[in-house]
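**Student:** kindly generate the corresponding structure for this input.
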Amino acid sequence: MGKLFYIIGKSSTGKDTIFQSLLENRKLNLEPLVLYTTRPMRVGETPGVQYHFTDEDGLSKLEAENRVIELRAYHTVHGIWKYFTADTEATDLEQHDYIGVGVLESFRALRNYYGADKVVPLYIEVEDGERLQRALDRERAQEEPRYAELCRRFLADSEDFSEEKIQEAGIQKRFYNRDLKECIEEINSYIQASL
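**Tutor:** As a prediction, this is how the structure comes out:
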């Protein structure tokens, strides 16, 4: 029986970088769980790698097929952006172990859908000042920086990842990303011990 290791954390904690490193580690042999979004692609993103990029029609089709496990809508300064997980033929926990990235809401929905014994949280933390600087640096690199959205996300994370919500989700183990290499090594060891 396979497991789904699910990386969770506030914005700009290094989740995507950690995800990519774990995915590339052939010893772990993890398959990617790629989420869907209706938001625009960022510079450097590739469809089907960071996200499956879709529109409202694509979402409606998957909903009509009862393939949407969880769905979140965010009211941004650029309109409503939706993120969701769909149960597709690409996800077979009977045969493979997976790695995914998301938020507490999606983690809880996946755990409820697949079972607590199959979905393992990997909660990443970074000091808020460092996290804000990382977010600012990333946004400056965009062709059209969206600073208002950066600020909205940063503030929303305080509520979305409150200690109460972390506890309610059953998150016990935390990985502190002060040094990326050390953080990844710690997570690698944790995953190996969990397989």
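
**Student:** of all the residues in stretch 142-154, which ones are buried?
**Tutor:** By 16 or more other CB atoms under 10 Å, the buried positions in stretch 142-154 come out as 146, 149-150, 153-154. Where you see a C-beta, it was placed from the backbone N, CA and C, and this is true even at glycine.

**Student:** same question, stretch 112-125
**Tutor:** So stretch 112-125, judged by 16+ other CB under 10 Å, has buried residues 114, 118-125.

**Student:** using a markdown table, lay out those together with secondary structure and distance to Thr17.
**Tutor:** Shown next, in a markdown table, are the buried residues of stretch 112-125 (DSSP: H, G, I helix; E, B strand; the rest coil; distance: CB to CB, whole Å):
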| residue | secondary structure | distance to Thr17 |
| --- | --- | --- |
| Tyr114 | helix | 25 |
| Lys118 | coil | 25 |
| Val119 | strand | 22 |
| Val120 | strand | 19 |
| Pro121 | strand | 18 |
| Leu122 | strand | 13 |
| Tyr123 | strand | 16 |
| Ile124 | strand | 10 |
| Glu125 | strand | 15 |
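
**Student:** quick check: helices, which of the buried residues of stretch 142-154 are part of them?
**Tutor:** Among the buried residues of stretch 142-154, the members falling in helices (DSSP state H) are 149-150, 153-154.

**Student:** export those to TSV and tack on distance to Leu110 and pLDDT?
**Tutor:** Converted to TSV, those look like this (distance: CB to CB, whole Å; pLDDT from 0 to 100):
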residue	distance to Leu110	pLDDT
Glu149	26	91
Leu150	27	94
Arg153	22	91
Phe154	25	94
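
**Student:** with the residues you listed in mind, which one is nearest to Glu94?
**Tutor:** Within these, proximity to Glu94 (CB to CB) peaks at Arg153, which comes in at 35.9 Å.

**Student:** how far away is the closest one from Ala135?
**Tutor:** Distance, Arg153 to Ala135, using CB to CB, to the nearest Å: 7 Å.

**Student:** which residues do those two both contact?
**Tutor:** Ser11 (CB atoms under 8 Å, 6 or more residues apart in numbering).

**Student:** format the buried residues of stretch 142-154 as JSON lines; extra columns: distance to Leu33.
**Tutor:** Shown next, in JSON lines, are those (distance: CB to CB, whole Å):
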{"residue": "Arg146", "distance to Leu33": "26"}
{"residue": "Glu149", "distance to Leu33": "25"}
{"residue": "Leu150", "distance to Leu33": "26"}
{"residue": "Arg153", "distance to Leu33": "22"}
{"residue": "Phe154", "distance to Leu33": "25"}
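
**Student:** out of those residues, which is nearest to Asn177?
**Tutor:** Asn177 has its nearest neighbour among the buried residues of stretch 142-154 in Phe154, at 16.3 Å by CB to CB.

**Student:** surely that closest one touches Gln133?
**Tutor:** No - taking contacts as CB atoms under 8 Å, Phe154 lies outside contact range of Gln133: 11.0 Å.

**Student:** dump the residue contacts of Asp55.
**Tutor:** Neighbour list for Asp55: Thr38 [criterion: CB under 8 Å, 6+ apart].

**Student:** thanks again, I'm all set now.
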